[in-house]
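>>> My questions are about this predicted structure, shown below with the sequence.
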Amino acid sequence: MKGEWNFDDGTLGAFIGQDLRYIDNSLASRYQFGTTTQLGVPGINGKDALVIHIPFTDRATEGDIFKQIGLRANHGVAPNGGGQEANQWTLIMDVYWGTEGPSGFGSILQTHDFANPTDGDMFWRASDGSYGKGCCSLYDNISQEPGHNHKREEWARVVFSANIPEKRLAKYVNGFKHREDVAGDGASIDGRFGLPAEIFLFGDGDDNERTDAFVNAIQFREGAMTDDEVAALGGASSFGIPGAPAGGARVVPPPKITLAVRVSGAEVVVTWNGGSRIKLQKKTALTDAQWVDVANTEGQSTATIPITGASGFYRAIRP
C-alpha cells in the first residue's frame, strides 16, 4: 500500500503515506467527522463506523463554492507504466452516497486542471449504481443484482484497478466486476487516468455533478489488482480496508477491540482486548484536538492510571 486513510481520529491524517488535505482549507468547517450514528447514516453491516462526510453545496444558492469542495490526495504511487505519471494503480474506497445533489452523479476522481478545477474524471451514476466517465470508461450494463451495483444510501466497497499500458481500467462494486474497457484519452499513457503526484477526490469543478458522500476508508496501491484479488476484498466493513496480503491470500479482519474502565480507589483501571499492537490513548475533554498516547501501553492489555483532573476519556486503537 502507498496511501491509506481511515478517519478514526476525526482528522485527514494518514494511516499510511501523506495526510489528505481539503481542496480549500477555508471550507474545512463544511466537512464533518464522527460515527455513522452521530451523522445519521446506517452503520456498515450493522456496526458503527468512524467516517468523514463530504458535503454537497448548491450552485443556485452558493455560487461556485462547489468547485473547491473535495480532498487533495498524494497517493504515493510512483510514475510507472512507461510514463511520467502513475499508469498502473488501484484505488479502493468504502463509501456511502447520500441524498443531497440533484444531478444523480457523484464525483470520485479528478486528475487534471487543479488550479482552475473543471470536469471530474470518474463518477458514480445513481440511476443504475455504476461508475464511469462518458468519454472513455462506460457506465452501461452493470448488473442489477443486489450488492453488484452501488445504490444510493448503501455502503459499498468500490475498487478501480488501472493498467493503462494494457488499456484496462476495471471497476468493481463489493468484489463484483462491472467492466474494464477504456477508450479515447483514457487509454493513453499519462492520459486522463494517469495520476500526477497529487489528485482530487470527490471534486467536480464543471457542472457540480456531485452528491454528498460518507467515507469510511480510502486506500491506494501500486499496480493493478486482479479480479481474484479484488473479489477477495469483498464488501465494505466497519474496520476498514484490509492490507495487501502476501501471495494473494485473503486477509482475515482483525479482532474487535473491547474496552472496559473502572475506578479503584485513586486509580483508573483500563482493560482491553482485540489482539496485539493495540495501545491506549486519552483525552481530558472530548473537545481536545488530539488524543494523547498513554505511555507503555502498546502491546499490553491493561493499564492502571492515577486519577488526575475532573475527567478523562480513553480509547484503544491499533497503531
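Received, thanks. Note that the coordinates shown come from a computational prediction; the quantities given were computed from them, not determined experimentally.
>>> nearest spatial neighbour of the residue nearest in space to the middle of the chain, skipping sequence neighbours?
Centrality entry for the chain: nearest residue to the mean C-alpha point is residue 218, 2.6 Å, by CA atoms, centre = their mean. Counting by CB to CB, 6 or more residues apart in numbering, residue 218 lies nearest to residue 5, which is 4.8 Å off, once chain neighbours are set aside. For the C-beta atoms, the positions are set from N, CA and C on the backbone; glycine is no exception.
>>> just residue 37 next, same as before
Sequence neighbours aside, residue 48 is the residue nearest to residue 37 in space, at 5.3 Å (criterion: CB to CB, 6+ apart).
>>> and the one you found, what does it touch?
35, 36, 37, 238 (CB atoms under 8 Å, 6 or more residues apart in numbering).
>>> follow-up on the earlier one: the residue nearest to the centre of the chain pairs with what?
Going by DSSP bridges, residue 218 is paired in beta bridges with residue 5, residue 93.
>>> got a list of what it touches?
3, 4, 5, 6, 20, 73, 91, 92, 93, 201, 241.
>>> Can you lay out these as TSV showing pLDDT, distance to residue 281 and neighbour count?
TSV is the format used below for the contacts of residue 218 (pLDDT from 0 to 100; distance: CB to CB, whole Å; neighbours: other CB atoms under 10 Å):
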residue	pLDDT	distance to residue 281	neighbour count
3	95	23	22
4	95	19	19
5	96	18	28
6	94	15	22
20	97	21	19
73	97	26	26
91	98	29	24
92	98	26	23
93	97	26	22
201	97	27	24
241	92	22	24
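>>> would JSON lines of those with distance to residue 59 be doable?
Below are the contacts of residue 218 laid out as JSON lines (distance: CB to CB, whole Å):
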{"residue": "3", "distance to residue 59": "31"}
{"residue": "4", "distance to residue 59": "33"}
{"residue": "5", "distance to residue 59": "28"}
{"residue": "6", "distance to residue 59": "31"}
{"residue": "20", "distance to residue 59": "24"}
{"residue": "73", "distance to residue 59": "24"}
{"residue": "91", "distance to residue 59": "27"}
{"residue": "92", "distance to residue 59": "30"}
{"residue": "93", "distance to residue 59": "25"}
{"residue": "201", "distance to residue 59": "20"}
{"residue": "241", "distance to residue 59": "33"}
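>>> and which of those is nearest residue 182?
Using CB to CB, residue 91 comes nearest to residue 182 of the contacts of residue 218, at 14.5 Å.
>>> From residue 13, how far off is that closest one?
Distance, residue 91 to residue 13, by CB to CB, to the nearest Å: 19 Å.
>>> same check, this time on residue 147
Residue 147 is 31 Å from residue 13, by CB to CB.
>>> Residue 56 too?
24 Å.
>>> quick one, which of these two is more surrounded?
Neighbour totals were compared for residue 56 and residue 13, and residue 56 leads with 20 against 14 (other CB atoms under 10 Å).
>>> Help me confirm that that one is found in a strand?
No. In this structure, residue 56 is coil, not part of a strand, as judged by DSSP: H, G, I helix; E, B strand; the rest coil.
>>> That one against residue 211, yeah?
Yes. Using CB atoms under 8 Å, residue 56 is in contact with residue 211, at 6.2 Å.
>>> Can you check which residues contact both of the two?
If you check residue 56 and residue 211 against CB under 8 Å, 6+ apart, the residues they both contact are 98, 100, 101.
>>> Contact partners for the last one?
Okay, so that is residue 101. 56, 210, 211, 212.
>>> My guess is the residue nearest to residue 218 contacts residue 11. True?
No. Counting by CB under 8 Å, residue 5 does not reach residue 11; the two are 9.5 Å apart.
>>> quick one, what contacts residue 303?
Residue 303 neighbours (CB under 8 Å, 6+ apart): 269, 270, 280, 294, 296, 297.
>>> a helix runs through the second one, doesn't it?
Okay, so that is residue 270. No. If the criterion is three-state DSSP, then residue 270 is strand and not within a helix.
>>> ok, what's across the strand from it?
Under the criterion used (DSSP bridges), residue 270 bridges to residue 261, residue 303.
>>> show me what contacts it?
Counted by CB under 8 Å, 6+ apart, residue 270 has contacts 259, 260, 261, 280, 302, 303, 304, 305, 314, 316.
>>> Quick check on these: which are buried?
The neighbour count (16 or more other CB atoms under 10 Å) marks 280, 303, 305, 314, 316 as buried among these.
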